[in-house]
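Colleague: need a structure here:
(one chain, ligands or ions: 1)
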Amino acid sequence: MTSARPRPLVAGNWKMNGNKLSARVFAAIIQGYDAALRSKVELLICPPATLTVTFGVVAVGSGVSVGGQDCHVKASGAHTGDVSAPQLADAGASYVIVGHSERRADHGETDAVVRAKALAARDAWLTPVVCVGETRGQREGGNALDVVRAQLAGSLPETANGDDLVVAYEPVWAIGTGLTPTPAQVAEVHAAIRAALVERYGEAGAAIRILYGGSVKPDNAFDLLSVSHVDGALVGGASLEAADFLAIADYYR
Ligand SMILES: O=C(CO)COP(=O)(O)O
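Modeller: Residues are numbered from 1 along each chain as shown. Sure thing, here's the model as predicted:
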């Protein structure tokens, strides 16, 4: 690892899982985040919106960050059922995932909507984690890089300083399936994302963290996290167990 490489981030996306008893899992993650780990890697948990306040309180002073899984493009207003970026910030979040493939698929979110959400996040001083990734058909058709580049072009904000943006590469076919791309495939996409970030943001593009997500588990974390331009992970299922999540983060210990 060179000193120019950004501090890695291991993030957990709990999706629509967990209840107030899950604060125990979160507390166990905090417990395992000892000084040695803290000096090497940043940890983030994105619980469902109902738990943001609870986790935000539990996280105080721990160094573990809390994030949202989505935010509305507007700061407030008549949008029944939605949560805004300022509300997440008020609840204790410092990050928010935007453009996850499950949001793109389940809620028809376009690149333009994802970009608007990323900007809304920034306006509330949240760091957006912008997700991109191809479907199985797109990969099999040889279009993975084109798809990811187009998503980046449409979803990313116009400007970035480095630490005010995180990008997550999550191939749709690897999410929740136990399938993962080969290290060579991850390397190819992450290099393309890095090139796009540097082209767009100049030097700041080199400092933007690019996470890999999709069936990251303790037993494949080493292979995936050691790939060039992989600056951490976005973990779904394996982030629901403190031991598994910490075992993944332990790659950086
Ligand atoms: O979608 C993901 C994280 O955002 C990945 O989920 P899994 O780790 O469960 O495959």
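
Colleague: How about the residues of this structure by the ligand?
Modeller: For the chain, the residues found near the ligand under the criterion C-beta under 6 Å from any ligand atom are 13, 100, 170, 175-176, 213-216, 234-238. Quick note: C-beta positions are derived from backbone N, CA and C, even for glycine.

Colleague: Return a PyMOL selection command for the buried portion of these.
Modeller: Below is the selection syntax for PyMOL that covers the buried ones among those, with 16 or more other C-beta atoms under 10 Å defining burial:
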select buried, resi 13+100+170+175+213+214+215+216+234+235+236+237+238
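
Colleague: Tabulate the residues of the chain next to the ligand (JSON lines), appending pLDDT and secondary structure.
Modeller: What follows is the residues of the chain next to the ligand, written out as JSON lines (pLDDT from 0 to 100; DSSP: H, G, I helix; E, B strand; the rest coil):
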{"residue": "N13", "pLDDT": "98", "secondary structure": "strand"}
{"residue": "H100", "pLDDT": "98", "secondary structure": "coil"}
{"residue": "E170", "pLDDT": "98", "secondary structure": "coil"}
{"residue": "I175", "pLDDT": "98", "secondary structure": "coil"}
{"residue": "G176", "pLDDT": "96", "secondary structure": "coil"}
{"residue": "G213", "pLDDT": "98", "secondary structure": "strand"}
{"residue": "G214", "pLDDT": "98", "secondary structure": "coil"}
{"residue": "S215", "pLDDT": "98", "secondary structure": "coil"}
{"residue": "V216", "pLDDT": "98", "secondary structure": "coil"}
{"residue": "L234", "pLDDT": "98", "secondary structure": "strand"}
{"residue": "V235", "pLDDT": "98", "secondary structure": "strand"}
{"residue": "G236", "pLDDT": "98", "secondary structure": "coil"}
{"residue": "G237", "pLDDT": "98", "secondary structure": "helix"}
{"residue": "A238", "pLDDT": "98", "secondary structure": "helix"}
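
Colleague: Would you point out the most distant pair within the residues of the chain next to the ligand?
Modeller: H100 and A238 (16.3 Å; C-beta to C-beta).

Colleague: nearest spatial neighbour of A196, skipping sequence neighbours?
Modeller: L152 (5.0 Å; C-beta to C-beta, 6 or more residues apart in numbering).

Colleague: from memory that neighbour sits against I193, does it?
Modeller: Yes. In terms of C-beta atoms under 8 Å, L152 counts as a neighbour of I193; the distance is 6.6 Å.

Colleague: Looking only at neighbour counts, state which of the two leads.
Modeller: Of the pair L152 and I193, I193 is the one with more neighbours under other C-beta atoms under 10 Å, namely 23 against 20.

Colleague: Show me the strands in the stretch 101-250 of the chain, by range?
Modeller: 127-132, 166-169, 209-213, 232-235 (DSSP state E, counting those that start in this stretch).
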